[in-house]
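In: Okay, predicted coordinates and the sequence, questions at the end:
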Amino acid sequence: MSPALEILLVAVLTAAACALPGAFLVLRRMSLVSDAISHAVLPGIVIGFLLTENLQHPLLLVLAGASGLLTVYLIELLEKTGRLREDAAIGLVFPALFSVGVLLIAQLADQVHLDTDAVLLGELAFVPFDRLQWQGIDLGPRALWTMAGLLLMNVLLLWLLYKELTLATFDAAAAAVLGFRPILLHYLLMGLVAVTVVAAFHAVGAILVIALMIGPPATALLLARRMPTYLLLSLLIGALSALPGYGMARVLDVSIAGSMATMVGVLFGLVWLLAPETGLLARWRRHRRQQLDFALDLLLLHLLHHEHQPAATVERHQDTLPAHLNWTSERLNIILAEGQRRGWLQRKGPEVHLTPAGRARATQLVETLAPARSP
């Protein structure tokens with residue numbers, strides 16, 4: 001297997017493993033918690049290293065996960081005082097715990113090659129050099145097995161608790177009534193986030209972990225209307241951001257993690273702009289369509305109201321209609337063209353007349369508006 005393929009596989013597995021718990025974080029409006037956990041786990045990592053003197057020891061993962069849970073507990077403890085909002089609590093807790101980790105490194109591990117860069121800033125380019133050996137057999141990059149195992153664990157846990165987590169996410173009160181223990185589910189999810197963050201950022205770096213945990217689910221949320229579709233799209237978008245991100249890094253000779261994180265933002269921007277229902281362009285078109293529909297209905301009502309009056313000839317003349325309706329001639333031509341396309345209007349020389357279908361539409365509008373005008 002080539003180094004490039006190994007890097008890509010690790011990136012795709014990391015994206016998928018991060019997207020699953022991240023999807024629930026986004027739905028719970030707790031996206032910043034992933035950022036807090038990614039920094040606040042540093043004391044657990046340092047203490048684990050001081051006890052084992054091995055950055056690969058499983059105890060580091062356990063203690064880092066405990067630090068992550070402590071972070072969530074302290075954030076919620078401050079929030080429950082009623083004096084601080086969640087964002088302020090996050091801003092207080094994770095810098096404090098991160099600083100504790102930095103101080104522990106400075107005081108207890110100053111002679112050891114363990115610094116914040118080594119702990120928090122992983123590099124995908126180095127993945128092929130850290131190999132897993134078993135009885136002299138090269139099994140591939142250690143990160144590949146780590147992320148594959150992490151993805152399998154996340155898939156199994158979320159599959160087993162899918163119904164409970166989904167209900168607790170959307171309606172915690174109903175989950176409690178049904179006996180699902182939403183608080184326990186909440187801390188289980190936060191523990192899963194902490195383990196995922198710690199296991200992933202050693203290979204890809206904390207910044208990319210946060211981007212992969214929040215970006216793909218946030219993008220999928222603009223497209224999906226059902227939970228299974230939402231989770232599947234989160235996985236696919238994470239993988240799609242990894243592939244072109246690596247290609248861009250190769251072409252521009254820049255950071256792989258930075259390129260992938262950039263592609264996460266690019267994909268979100270494209271979906272935000274071009275999503276078929278919720279995208280900016282779709283909303284702009286819908287708004288324009290609503291404006292056109294309203295203007296066309298207004299013209300139909302105007303023609304129906306003056307249809308049998310002595311001034312009907314003047315009221316439906318193309319030269320006087322803009323003044324009567326406070327439109328420009330260009331706007332009138334656009335609305336007339338749309339009315340003719342729908343079969344509601346017809347031109348007879350310089351005058352505009354209702355067709356039978358247009359008259360029926362205008363009459364329906366009058367009947368609809370009549371109750372609203374009655375006292």
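Out: Structure's in. What do you need? Residues are numbered from 1 along each chain as shown.

In: from here on, contacts and neighbour counts on C-alpha atoms
Out: OK.

In: residue furthest from the geometric center of the protein?
Out: Relative to the centre of the chain, and counting by Cα atoms, centre = their mean, the farthest-placed residue is residue 310 at 60.4 Å.

In: Over to that residue. Which of the three states is it?
Out: Following DSSP: H, G, I helix; E, B strand; the rest coil, residue 310 is assigned to coil.

In: ok, it to residue 316 distance?
Out: 12 Å (Cα to Cα, to the nearest Å).

In: Doesn't residue 153 belong to a strand?
Out: No: under three-state DSSP, residue 153 sits outside any strand and is assigned helix.

In: Distance check, it against residue 66.
Out: 18 Å.

In: Please report phi then psi for the residue farthest from the centre of the chain.
Out: When read as degrees, to the nearest 10, the backbone of residue 310 gives phi -60, psi -30.

In: do residue 278 as well
Out: Dihedral angles (degrees, to the nearest 10) for residue 278: phi -100, psi 0.

In: just the helices in the stretch 151-300 of the chain please.
Out: Using DSSP state H, counting those that start in this stretch, the helices assigned to the stretch 151-300 of the chain run over residues 162-170, 172-177, 182-204, 206-221, 227-252, 256-274, 280-305.

In: Ranking these by mean neighbour count, which comes first?
Out: helix 206-221 (a mean of 27; mean count of other Cα atoms under 10 Å).

In: Now do it: distance to the chain's middle.
Out: Helix 206-221 sits 7 Å away from the centroid of its parent chain (Cα atoms, centre = their mean, to the nearest Å).

In: Does it pack against any helices or strands, and if so which?
Out: With contacts defined as 3 or more Cα pairs under 8 Å, 6 or more residues apart in numbering; DSSP states H and E, the packing partners of helix 206-221 are helix 3-27, helix 31-40, helix 182-204, helix 227-252, helix 256-274.

In: Export the ones you listed to TSV and append columns for mean pLDDT and distance to residue 303.
Out: Shown next, in TSV, are those (pLDDT from 0 to 100; distance: least, Cα to Cα, whole Å):
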stretch	mean pLDDT	distance to residue 303
helix 3-27	90	50
helix 31-40	81	55
helix 182-204	84	61
helix 227-252	89	48
helix 256-274	90	38
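
In: could those be laid out in a markdown table, adding distance to residue 104?
Out: Listed next are those as a markdown table, based on distance: least, Cα to Cα, whole Å:
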| stretch | distance to residue 104 |
| --- | --- |
| helix 3-27 | 28 |
| helix 31-40 | 13 |
| helix 182-204 | 18 |
| helix 227-252 | 34 |
| helix 256-274 | 28 |
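
In: Let me know which of these is the nearest to residue 342.
Out: Of all the helices and strands packed on helix 206-221, helix 256-274 sits nearest to residue 342, with 27.4 Å by Cα to Cα.

In: which residues touch that closest one?
Out: Helix 256-274 is contacted from outside by 123-125, 204-205, 207-208, 211-212, 215-216, 218-219, 222-223, 237-238, 241-246, 248-250, 278-282, using Cα atoms under 8 Å, 6 or more residues apart in numbering.

In: Same check on stretch 126-140?
Out: Taking Cα under 8 Å, 6+ apart as the rule, stretch 126-140 contacts 3, 6, 7, 141, 142, 143, 203.

In: got it, and stretch 335-349?
Out: Contacts for stretch 335-349 (Cα under 8 Å, 6+ apart): 292, 295, 296, 352, 353, 354, 355, 356, 357, 358, 359, 361.

In: go again using 7 Å as the cut-off
Out: 292, 296, 352, 353, 354, 355, 357, 358 (Cα atoms under 7 Å, 6 or more residues apart in numbering).

In: likewise stretch 70-81?
Out: In contact with stretch 70-81 (Cα under 7 Å, 6+ apart) are residues 37, 40, 84, 85, 86, 89, 90, 93, 94.

In: Could I get the buried residue list for it?
Out: By neighbour count on 16 or more other Cα atoms under 10 Å, the buried set for stretch 70-81 is 70, 71, 72, 74, 75, 76, 78, 79.
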